[in-house]
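Q: Let me see the structure of the following:
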Amino acid sequence: MQLQVSNWLGLGSDEAFIEVKKTLTNIPTVTIDLFSGDVDRVVYVHQSNTIGGSAVGSSCATSSSQLISRWTVLDASAAPLTTLGSSVYLKANVLVLPAYSFQPGKKYFAKLEVIESVGGCQVPLAPPAICVDTDAVKCCLVGSDSVGLSTGTQDPVAKIVGSERTVSSFLAVKIDGSNSYHPDYPGNAQPILKYRWSCKETPANSPSVECSFGSGVSDKVLTIPENSFSPLDVTYDFILNVSNDEGWNTASIRIHPTQESVPLITVNVQTQMKKYPPNKRMTLVSTVEPIDAAQPLEYQWTTSTGDVDLSRTQFLLSPNSRQRILVVKPNVLTAGQMYTVRLTVTENSKKGMDQVSFLMDRPPTGGVFEVSPTTGTSLDTTFKLSAVNWQADSDTLPITYGFEYLQGFDEIPNPQGSIRNRNDSKGNAAWP
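A: Next up, the predicted model:
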């Protein structure tokens, strides 16, 4: 069977195919809630992936019949995937694949078999030891569905500690790009990445020119020698290019030299992510190299870009905004907003600063919540809850779903139950 979708201009999509095999034996009807047939579903290895399935018993099913789910995941050579640990549900209607179960740029094949056990039949073992009907042995009925999976690939992510800081022009300065990484590989198996630094200096009221230092360096950490910076109204932009054979990515930092001795500050987000969930707390950390270790330091965090003033205690879990570490409350920062947060450190009236920028993730949008039927009888009617057409940015997939219910219509909602463990990958749940 083939499906093609076209728009009002007559432009058609690629064809999707599904193969249906006809059998003379009554078997369970099985459906995997992903694209099936010749069109592979693209998944990303750095995220947990969930595949949901459903089944309906055969016409031979009785009240004593039992449906047993069994998943098989194969690579392109039809070999079973050996990296799946005990955290993967292999005997449920939902298959949970933890992050890095797959390798990037590969093809895989997931199959769900549903075995209908009735009348003392023999359950077939995992392939290839499949049950064979004989006069003495009656095999259970087996239905199946399968889906192809392709793993997408991503570019490396370039990361520099801090984004804009003040430094003493006569001191040596280190710019750290060692937090760069490749999201397709776990932390203990990172590939070899190539680093390339470049530098532009911009005098006041003049065009930018290439620096006489800092460009062409291929180390993770760029070291600027003493007395390299001009202190006379010149800003310096350092760009780090991180690459491998699959792609590249850049990050940058701006340096403001000064003739004064100032504390050297670096600021970073404690956990490195492309986007940060607004419903989780954010922790910003700093390190300071003081002019004189015996002198006290005064810290002040402020918001340079963004709609939330993080100098105000009401938005913080940390005691105030005058600490070395700033902890922001959950559900304070706005989804989809880019923030730049600055830390200024004062030592004997000498001020140094650094700042960091980060992007907040957006929640899924565009979907609807449906209940079918909308009325029924307690302990008799089965309700189907569906969350359909929800969309999210591709780099934050997959979407996960949770269903809850309220008892009555109190002024303040009071969740009485949850069926979170009964969701499938399309956002469906059955509620008796």
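Q: Now the helix or strand where Leu359 lies: average pLDDT?
A: Leu359 belongs to strand 350-359 when elements are defined using DSSP states H and E. Mean per-residue pLDDT for strand 350-359: 95.
Q: Against Gly162, how distant is Ser77?
A: Look at Ser77 and Gly162: by CB to CB, to the nearest Å, they are 46 Å apart. Every C-beta, even on glycine, is put in place using the N, C-alpha and C of the backbone.
Q: more neighbours, these two?
A: Gly162 (22 against 6; other CB atoms under 10 Å).
Q: wait, is that one part of a helix?
A: No: counting by DSSP: H, G, I helix; E, B strand; the rest coil, Gly162 falls outside a helix, being coil.
Q: What values do phi and psi take at it?
A: phi 80, psi 170 (degrees, to the nearest 10).
Q: Could you measure from it over to His182?
A: 22 Å.
Q: Arg281 too?
A: 27 Å.
Q: More neighbours: which of these two?
A: Using other CB under 10 Å as the criterion, Arg281 and His182 rank with His182 on top: 23 against 17.
Q: show me what contacts the closest residue to the more buried one other than its chain neighbours?
A: Once flanking residues are discounted, His182 sits nearest to Pro156: 4.7 Å by CB to CB, 6 or more residues apart in numbering. If you count contacts by CB atoms under 8 Å, 6 or more residues apart in numbering, Pro156 has them with 180-183, 193, 242-244, 246-249.
Q: Also His256?
A: Here His256 is in contact with 164-167, 235 (criterion: CB under 8 Å, 6+ apart).
Q: That one bridge partners, please.
A: Thr166 (DSSP bridges).
Q: In three-state terms, label Ile175 for me.
A: Quick answer, by three-state DSSP: Ile175 is strand.
Q: how about low-confidence regions in the chain?
A: 1-2, 13-26, 34-40, 60-64, 82-92, 118-119, 124-132, 136-137, 394-398, 407-432 (pLDDT under 70).
Q: quick check: domain ranges of it?
A: 2-151, 155-259, 368-431 (automatic domain parsing).
Q: Quick check: end-to-end length of the second one?
A: Just to be clear, that refers to domain 155-259. Start and end residues of domain 155-259 are separated by 40 Å (CA to CA, to the nearest Å).
Q: still on that earlier bit, of the contacts of Pro156, closest to Glu298?
A: Ser180 (32.3 Å; CB to CB).
Q: Go ahead and confirm that closest one touches Ile192.
A: No: using CB atoms under 8 Å, Ser180 is not in contact with Ile192, being 11.8 Å away.
Q: so which of the domains of the chain comes closest to Gly336?
A: Using CB to CB, those put domain 368-431 closest to Gly336, at 9.5 Å.
Q: still on that earlier bit, give the residue from Ser180 and Ile192 that has the larger number of neighbours.
A: Neighbours per residue, other CB under 10 Å: of Ser180 and Ile192, the larger number sits with Ser180, 21 against 7.
Q: Angles on the backbone of Phe315, please.
A: According to degrees, to the nearest 10, Phe315 has phi -100, psi 0.
Q: how about the closest residue to it other than its chain neighbours, what does it touch?
A: Leaving aside its sequence neighbours, Phe315 sits nearest to Val332 (CB to CB, 6+ apart; 4.7 Å). Residues near Val332 by CB under 8 Å, 6+ apart: 278, 308, 315.
Q: number of nearby residues for the first one?
A: The local packing count at Pro278 equals 19, with neighbours defined by other CB under 10 Å.
Q: got it, and Asn268?
A: 21.
Q: So it sits against Val356, correct?
A: Yes: using CB under 8 Å, Asn268 makes contact with Val356 at a distance of 5.9 Å.
Q: Can you work out which residues contact both of the two?
A: 162, 284.
Q: which ones are touching Leu171?
A: 226, 264.
Q: for it, helix, strand, or coil?
A: coil.
Q: roughly how far apart are it and Arg165?
A: 12 Å.
Q: who touches both of these two?
A: Leu264.
Q: Give me the neighbour count for Thr365.
A: With other CB under 10 Å as criterion, Thr365 counts 11.
Q: and what of the one 3 residues further on?
A: Around Val368 there are 9 other residues, counting by other CB under 10 Å.
Q: now swap in the one 10 residues further on and tell me
A: Ser378 is surrounded by 6 other residues when neighbours are defined as other CB under 10 Å.
Q: element containing it?
A: Ser378 belongs to no helix or strand, assigned by DSSP H and E.
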